[in-house]
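>>> Using only what follows, build the 3D model:
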Amino acid sequence: MENLTDIEQGKTSAIVAYFTFIGWLIGFFMNKENRSDFAAFHLRQALGIHVLALILNPTVSWLNNWWFSATGWGILFIFWLITFIGVLQKKRKPVPFFGKAFEKWFHTITE
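Numbering: from 1, shown residues only. Modelled structure (predicted):
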């Protein structure tokens, strides 16, 4: 069972992190003031989603195909929605397929 104080303390930072990269930076600095493992988890997941979006954008632009664009952005939105709903439910829901990798790759950023 997670520490409810930690979750409540980090919930705002986690929510803000999912809205654009600027929001992620704000959430990152909010979490620096009041350390929360819950917020750190969601900061790593949100950063992973933002990185996926940065990779997806030039890829679908280069392919110049509406089907690939719609599919790619739709999948990314579903990833975002799953993790964002996890924050609202006060749960640690990782990004499907990539969540564990994001935890490994970005573990030093939010420690």
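
>>> Run the chain-centre distance for the longest helix out of those in the chain.
Identified as the longest helix of the chain according to DSSP state H is helix 37-63. In terms of Cα atoms, centre = their mean, to the nearest Å, the centre of helix 37-63 is set 7 Å apart from its chain centre.

>>> just checking, what packs against whatever helix or strand comes next after it?
Where DSSP states H and E defines the elements, the next helix or strand beyond helix 37-63 is helix 66-88. Helices and strands touching helix 66-88, by 3 or more Cβ pairs under 8 Å, 6 or more residues apart in numbering; DSSP states H and E, are helix 4-17, helix 37-63. C-beta here means a position set from N, CA and C on the backbone, and glycine is covered the same way.

>>> Would you reformat the ones you listed as TSV and include distance to L76, mean pLDDT and mean neighbour count?
Formatted as TSV, those follow (distance: least, Cβ to Cβ, whole Å; pLDDT from 0 to 100; neighbours: other Cβ atoms under 10 Å):
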stretch	distance to L76	mean pLDDT	mean neighbour count
helix 4-17	16	92	20
helix 37-63	6	91	19
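
>>> Any chance of a markdown table for the ones you listed, columns distance to K91?
Output for the helices and strands packed on helix 66-88, formatted as a markdown table (distance: least, Cβ to Cβ, whole Å):
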| stretch | distance to K91 |
| --- | --- |
| helix 4-17 | 9 |
| helix 37-63 | 9 |
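
>>> hang on, the earlier thing: if you compare the directions of the longest helix of the chain and helix 66-88, what angle comes out?
With axes from the mean of the first three to the mean of the last three Cα atoms, to 10 degrees as the basis, helix 37-63 and helix 66-88 are set at 170 degrees to each other.

>>> Noted, bye for now.
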